[in-house]
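In: give the three-dimensional model of this entry:
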Amino acid sequence: MALTSTLDNPPPPFGIEETIRAADGVRLRTARWAPVSTPRGTIAVLGGRGEFIEKYFEVAGELLSRDFAVAMMDWRGQGGSDRPLRNSRKGHVDDFSYFERDLAALVRSVLEPNCSRPWFGLCHSMGAAVLLGAAEGGRCPFERLVLTSPLIAARRVSHRGPAGFLVGALDTLGLGGAFIPGDNGSDGWFGQFEGNVLTSDARRFARTAELVSAAPNLFSSGLTIGWLHAAFRLMRRFDEPNFPRRITTPILIVAAGADQVTQTAAAERFASRLRAGRIVVIEGAKHEILIERDVFRRQFWAAFDQFVPGSTTSADTRSAA
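Out: Next up is the predicted model:
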C-alpha cells in the first residue's frame, strides 16, 4: 500500500515503499530513503505499539539531513503490515519473539541489498523492547541502538503480582485475542489534546490525529490479553539482574521525565546495569519524545548526534579536533 501524505505531514521525496515477507509468510510494509550525498550509514527507525511509517516522516527528514539513509518497517499487527485477528484494530501478538522474525526480514530484504553500512537502530517503546531482547540474545543487527521511552516496565499496570497472574490465566483459558478488561479499543490520538499522555506539543498531536483520521486502515489500538501477556513475559526477563549485562551492543536510552506510559525509573535501573550504555532523561517530556515540543526534541538530537558515529555533530567535532 502506498504511503499516506497529509498537508502537514508530507513524506521525504523519493521514498521507496515495498512489501516484504517474514519467514513465516507474514507480509510487512517497509519504506526507505537515501540522502542526496553519500550516506554516512543507515538508520532503521522502528516504532512502538500501534505505530506506522507515516508517523516518522519528520524524523526521516531530519536523519536524511544528517546524510543517513533511512529504513522503516511496520511491525506485524499494525500499520500496513498483516494483522493476525479479524478485528484489525486489536493490537495483538502471541509472543514478542515473533517481532524478531520481522526484524530478520527487514535485514534480509531491505538492509542487506539496499542500505549502506554501518547500520544503527532508532527504536521507540515496544520496538525498543524488541531490540533489547534481540541484543541480549546476540541477534541485534545494528552497531548501536538509540532507544526512546523503552518498554522495560509499564506505568499503569505492573507485570508483577496480581495483574500478571490474571493476564496469564486469561490467556491460558483461550482469551488471548480479547481486549484487556476495560479497554474497548480507544486511542489517545483520537482523544482531546488536553490531558493526553503522549505529547505536550499541540501541533504535532493534531498532525498525528489528522494522519490517523486520513488513513484509518493504518490505525490499530486496544491491547489484547495475549499482547499484554507477551509483553509481561519480556518485562520479567528485563528484571533479571544479568539481562542487561549480557548485552554488548552500545546503547543510548533517551527517557521521558514525564512519561505516563512506560516507567522512566525502570529504564534508569536497567541502564545502570548495561555494559556499554547510558541514559539521558529529558525532564518534562512525555512518552512520545520524537513527537514532542522542539525544546525537548533538541535535547534528543543533541544526545543522538553525540552518540551515533557519522552524525553531523560528531563529524564536525572530529574535523575541528
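In: could you give the bridge partners of the residue lying closest to Ala34 once chain neighbours are set aside?
Out: Closest residue to Ala34 apart from its sequence neighbours, by Cβ to Cβ, 6 or more residues apart in numbering: Ala69 at 5.0 Å. In this view, the C-beta of every residue, glycine as well, is placed from N, C-alpha and C. On the basis of DSSP bridges, Ala69 is bridged to Thr42.
In: can you pull the pLDDT of Gly191?
Out: pLDDT recorded at Gly191 is 81.
In: got it, and Thr313?
Out: 48.
In: thinking again about what came up before, I figured the residue nearest to Ala34 hits Arg32, correct?
Out: Yes: using Cβ atoms under 8 Å, Ala69 is in contact with Arg32, at 6.9 Å.
In: could I have the CA atoms of the particular helix or strand that has Ser213 in it written out in CSV?
Out: Using DSSP states H and E, Ser213 sits within helix 202-214. Backbone C-alpha positions of helix 202-214 (Å, rounded to 0.1, in the frame of the first residue of the first chain) are rendered in CSV as follows:
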residue,chain,number,x,y,z
ALA,A,202,-0.3,20.6,20.3
ARG,A,203,0.7,21.0,16.7
ARG,A,204,2.3,17.6,16.4
PHE,A,205,-0.6,16.0,18.3
ALA,A,206,-3.0,17.5,15.8
ARG,A,207,-0.8,16.4,12.9
THR,A,208,-0.8,12.8,14.1
ALA,A,209,-4.5,12.8,14.8
GLU,A,210,-5.2,14.1,11.3
LEU,A,211,-3.0,11.4,9.9
VAL,A,212,-4.8,8.5,11.6
SER,A,213,-8.2,10.1,10.5
ALA,A,214,-6.9,10.3,6.9
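In: after it, which helix or strand is next?
Out: Criterion used, DSSP H and E; the element after helix 202-214 is helix 225-238.
In: tell me the mean pLDDT for that next one?
Out: The model assigns helix 225-238 a mean pLDDT of 97.
In: show me which residues of it are buried.
Out: The neighbour-count check on helix 225-238 (16 or more other Cβ atoms under 10 Å) flags Ile225, Gly226, Trp227, Leu228, His229, Ala230, Ala231, Phe232, Arg233, Leu234, Met235, Phe238 as buried.
In: try stretch 211-221
Out: Leu211, Val212, Ala215, Leu218, Phe219, Ser220, Ser221.
In: could I get these as CSV with pLDDT?
Out: Shown next, in CSV, are the buried residues of stretch 211-221 (pLDDT from 0 to 100):
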residue, pLDDT
Leu211, 93
Val212, 89
Ala215, 90
Leu218, 90
Phe219, 84
Ser220, 82
Ser221, 74
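In: which one among those gets closest to His92?
Out: Ser220 (8.8 Å; Cβ to Cβ).
In: for the residue nearest to Ala34, list the residues it contacts.
Out: Residues near Ala69 by Cβ atoms under 8 Å, 6 or more residues apart in numbering: Arg32, Trp33, Ala34, Pro35, Pro39, Gly41, Thr42, Ile43, Cys115, Ser116.
In: for Leu3, see how far away it is.
Out: 17 Å (Cβ to Cβ, to the nearest Å).
In: now do Pro13
Out: 11 Å.
In: which one's more surrounded, these two?
Out: Leu3 (20 against 9; other Cβ atoms under 10 Å).
In: now do the phi/psi pair for the more buried one.
Out: phi -70, psi 140 (degrees, to the nearest 10).
In: how many neighbours does Gly277 have?
Out: Neighbour tally, Gly277, other Cβ under 10 Å: 21.
In: for it, list each beta-bridge partner.
Out: Beta-bridge partners of Gly277, counted by DSSP bridges, are Ile251.
In: my read: it touches Ile247, true?
Out: Yes: applying Cβ under 8 Å as the test, Gly277 and Ile247 come out as touching, 7.3 Å apart.
In: surely Phe96 meets Ala231?
Out: Yes: between Phe96 and Ala231 there is a contact under Cβ under 8 Å: 6.8 Å.
In: surely Phe179 touches Leu223?
Out: Yes: counting by Cβ under 8 Å, Phe179 does reach Leu223; the two are 7.1 Å apart.
In: which residues do the two both contact?
Out: Common neighbours of Phe179 and Leu223 (Cβ under 8 Å, 6+ apart) are Lys90.
In: if I read this right, Glu210 contacts Thr6, doesn't it?
Out: Yes: if you go by Cβ under 8 Å, Glu210 and Thr6 touch, sitting 5.5 Å apart.
In: the helices in the stretch 1-150 of the chain, which residues?
Out: With helices called from DSSP state H, counting those that start in this stretch, the stretch 1-150 of the chain shows them at 57-65, 97-106, 112-114, 126-136.
In: alright, I will stop here.
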